[in-house]
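1. can you look at this prediction? I've put the sequence above it.
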Amino acid sequence: MKENLKVSVCMITYGHEKYIREAIEGILMQECDFEVELILANDCSPDSTDKVIQNILENHPKRSWIKYFNHKENLGMMPNFIFALGQCSGNYVAMCEGDDYWITKDKLQKQVDILEENKKVGLVYTNVKYFIQNKEQFVDIPARFAAEQSEVIPMMLKSKFIEFATTVFRKAILDKVLTILEKELENKVIGDTRILLETLHNSSLYFLNETTTVYRIIDGSASHPIDLEKFVFALLDSYHCRKEFVKRNNFNKTWLSDSICNTNRGLINRAFVSQSYSDVYKLMKNLLILDTFQYCTWGIFKRKMNFAILLKFILSCFGIGIIRQKLNGC
């Protein structure tokens, strides 16, 4: 046992009765030469999540690892996450939400060994596979990493290539990042990208090229909302967290080009399959027109906003996309 070395695993859960056992057992199966604590914060789940957790607390041989907080009132996703982070007392902090899970027993050991040997590294992440819940289908994801440290931030601004459930942070760096983001995280839905970006700005990154984690894709979750207003809020927050980061740290604003186009594409694609003109309007009014002109390079705009997406935009504006949906339903 490594003397005085502790790792905290931060897990928040809400409505995860079908998934929480797999998530917890993925933590408790870890084989380590250091102390592990699982900080588990249940945000007043309306289902049987608490009953599943209580059963594990009563019967699992490693139940002593778990520090369980069952909120009597719903805090909301971000306040619950900040609360859980505040309970973490380890030298390092690993992330895993209650609907994701780990699949290798040596995940923590390997990542912590890397952090112990590389003092400038603030974050170690691994490869991941996706599980599409409604299809009950696994999808292997190609390894995503930057060849050079100088490419890390532009690549993250372009597209988030690190899944939160694969990460282990150096707590000293994470605490610094959370202090920087304290106000910005309030009333937001995108916490992982904000924390990742600021961590990458304040430390070095290490990629462990092993698949250790399953990221579960669930329709209607906070990451994949079906509700139109939640969809728009999450999509725009994903862009604004990048814009705020670039402005705060005085980076090149053209690094936002891909994110601007991806946001506009997301709005247009959703508008094209919408069933009502009012939904199309709600989506189209959020297009990042001014930011497109201010920050987007012509080369990226031309590649991303291609003929197919522009055609969808035109058809949606004239209602033809809605007509197509009605015809398909006949």
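-> Sure thing, it's come through. Residues are numbered from 1 along each chain as shown.
2. now the closest residue to residue 137 other than its chain neighbours. Its backbone dihedrals?
-> Setting aside the residues directly before and after it, residue 137 is nearest to residue 131 in space (C-beta to C-beta, 6 or more residues apart in numbering), at 7.2 Å. For the C-beta atoms, the positions are set from N, CA and C on the backbone; glycine is no exception. Torsion angles at residue 131 (phi, psi; degrees, to the nearest 10) stand at phi -120, psi 110.
3. for residue 131, list the residues it contacts.
-> If a contact means C-beta atoms under 8 Å, 6 or more residues apart in numbering, then residue 131 has 137, 138, 139, 214, 215, 216, 217 as its contacts.
4. with residue 80 instead?
-> For residue 80, the contacting residues are 12, 14, 41, 43, 71, by C-beta under 8 Å, 6+ apart.
5. give me the buried subset of those residues.
-> Under a neighbour-count criterion of 16 or more other C-beta atoms under 10 Å, the subset of the contacts of residue 80 counted as buried comprises 12, 14, 41, 43.
6. save those residues as a markdown table, and put in pLDDT too.
-> Below are the buried ones among the contacts of residue 80 laid out as a markdown table (pLDDT from 0 to 100):
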| residue | pLDDT |
| --- | --- |
| 12 | 98 |
| 14 | 96 |
| 41 | 98 |
| 43 | 97 |
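7. list just the nearest of those to residue 279.
-> Here the nearest of the buried ones among the contacts of residue 80 to residue 279, counting by C-beta to C-beta, is residue 14; it sits at 26.7 Å.
8. and the nearest residue to that closest one once chain neighbours are set aside, how far from residue 73?
-> If you skip the residues right next to it in sequence, residue 14 has residue 43 as its closest partner in space, 4.4 Å away by C-beta to C-beta, 6+ apart. In this structure, residue 43 lies at 9 Å from residue 73, with C-beta to C-beta, to the nearest Å as the measure.
9. just give the nearest non-adjacent residue to the residue nearest the centre of the chain, would you?
-> In the chain, the residue lying closest to the centroid (C-alpha atoms, centre = their mean) is residue 192, at 4.6 Å. If the residues on either side of it in the chain are set aside, residue 192 comes closest to residue 164, at 4.1 Å by C-beta to C-beta, 6+ apart.
10. got phi/psi on the closest residue to residue 29 other than its chain neighbours?
-> The shortest distance from residue 29 to any residue that is not its chain neighbour, by C-beta to C-beta, 6+ apart, is 5.3 Å, and that residue is residue 105. With angles defined as degrees, to the nearest 10, residue 105 shows backbone torsions of phi -80, psi -20.
11. also the one 5 residues further on?
-> Listed backbone geometry of residue 110 is phi -70, psi -40, with angles given as degrees, to the nearest 10.
12. now name the helix or strand holding the nearest residue to it once chain neighbours are set aside.
-> Taking C-beta to C-beta, 6+ apart as the measure, residue 110 lies nearest to residue 208, with 6.1 Å between them; neighbours along the chain are not counted. Assigned by DSSP states H and E, residue 208 belongs to strand 204-217.
13. for the stretch 51-200 of the chain, just list every one of the strands.
-> Shown for the stretch 51-200 of the chain, the strands assigned by DSSP state E, counting those that start in this stretch span residues 66-70, 92-95, 101-102, 121-132, 137-140, 168-170.
14. mean pLDDT lowest for which of the ones you listed?
-> The stretch with the lowest mean pLDDT among the strands of the stretch 51-200 of the chain is strand 137-140, at a mean of 93.
15. ok, for residue 316, nearest residue in space, not its chain neighbours?
-> Closest to residue 316 by C-beta to C-beta, 6+ apart is residue 271, at 4.2 Å.
16. with that, I have no additional questions.
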